[in-house]
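Chemist: only geometry, no sequence info:
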C-alpha cells in the first residue's frame, strides 16, 4: 500500500504530522512529482481495465 499524497506532490509540500511544509530540495520535488504521475497512470490503467471488463461482460454475457 502506498502512503503518498498525489495532491501534496503536485503542490510541492509534505506533511509529517506538524502541518504542511514546502519541499526545498529540487531533486526530491522532481522525484515526488514523477511518482505522482506514475501513480496517476496506474489508477487510470486500472480504471480502463475495469471499464473494459464490465463492457465485455455486459455486451457479450447478458
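Modeler: Yes, it's here. Fair warning: this is a prediction, and the values are worked out from it, not measured in the lab.
Chemist: contacts, neighbours, all on C-alpha from now
Modeler: Will do.
Chemist: surely residue 12 meets residue 31?
Modeler: No - the pair residue 12 and residue 31 fails to qualify as a contact (C-alpha atoms under 8 Å) at a distance of 10.6 Å.
Chemist: between the two, which one's more packed in?
Modeler: Applying other C-alpha atoms under 10 Å to residue 12 and residue 31 shows that residue 12 carries more neighbours, namely 20 against 12.
Chemist: how close does the more buried one sit to residue 30?
Modeler: Shown here: residue 12 relative to residue 30, a distance of 9 Å by C-alpha to C-alpha, to the nearest Å.
Chemist: from the contact counts, what lies against the helix ranked longest in the chain?
Modeler: In the chain, taking DSSP state H as the definition, the longest helix is helix 26-61. The helices and strands touching helix 26-61, judged by 3 or more C-alpha pairs under 8 Å, 6 or more residues apart in numbering; DSSP states H and E, are helix 6-11.
Chemist: ok, back up a step: next, the buried residues of the longest helix of the chain.
Modeler: 29, 32-33, 35-36, 39 (16 or more other C-alpha atoms under 10 Å).
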